[in-house]
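Chemist: Provided below are the primary sequence and the corresponding predicted coordinates.
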Amino acid sequence: QVQLVESGGGLVQHGGSLRLSCAASGITFRFLTMAWFRQSPGKEREFVATLSGSGSDTIYADSVKGRFTISRDNAKNAVYLQMNSLKPEDTALYYCAAGYRGISMQERQYTRWGQGTQVTVSA
């Protein structure tokens, strides 16, 4: 049974930092493209960042470029999202996703999803 479990969310002040983690189990992790998406209340889920299985290729949403960094540790079956210079508009439920295709901003390319971890940035 494939499972993705996110952690690391919380409440942080404007300008602060958080590191999200996603632990994968029941799957050959190094073959997976991993991604982070987020969803704010009343909005559609949106792409944040993605990382290839080798870790060599990435894509970031323009809104987080230069502030967020996606990384992975294949030995630990984990992917991370380091979020710096957080803004109130980054407040959302953050989802970890996995897929077998190449890096993509499209939700439909990802077939496994976690339950999400809440990030709240106060003004």
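Modeler: Sure thing, it's come through.
Chemist: quick one: terminal-to-terminal distance for stretch 23-38?
Modeler: End-to-end distance of stretch 23-38 (C-alpha to C-alpha, to the nearest Å): 17 Å.
Chemist: For the residue lying closest to Asn74 once chain neighbours are set aside, the count of nearby residues, please.
Modeler: Among residues not flanking Asn74 along the chain, Arg30 sits closest, at 4.4 Å (C-beta to C-beta, 6 or more residues apart in numbering). Placement of C-beta: from N, CA and C, glycine included. A total of 12 residues lie near Arg30 under the criterion other C-beta atoms under 10 Å.
Chemist: State the three-state secondary structure for Arg30.
Modeler: Three-state call for Arg30 (DSSP: H, G, I helix; E, B strand; the rest coil): helix.
Chemist: Over to Gly102?
Modeler: Under three-state DSSP, Gly102 comes out as coil.
Chemist: Burial check on Ser25, number of neighbours?
Modeler: 11.
Chemist: ok, what's across the strand from it?
Modeler: Gln3 (DSSP bridges).
Chemist: Using the three-state scheme, assign Pro41.
Modeler: Pro41 ends up coil, using three-state DSSP.
Chemist: For it, give its distance to Asp62.
Modeler: For Pro41, the distance to Asp62 equals 22 Å [C-beta to C-beta, to the nearest Å].
Chemist: again with Gly53
Modeler: For Gly53, the distance to Asp62 - C-beta to C-beta - is 24 Å.
Chemist: With neighbour numbers in mind, choose between the two.
Modeler: Taking neighbours as other C-beta under 10 Å, Gly53 and Asp62 compare with Gly53 leading, 18 against 6.
Chemist: correct me, but the more buried one touches Ile27?
Modeler: No - with contact defined as C-beta atoms under 8 Å, Gly53 does not count as touching Ile27 (11.4 Å).
Chemist: Many thanks, I have nothing further to ask.
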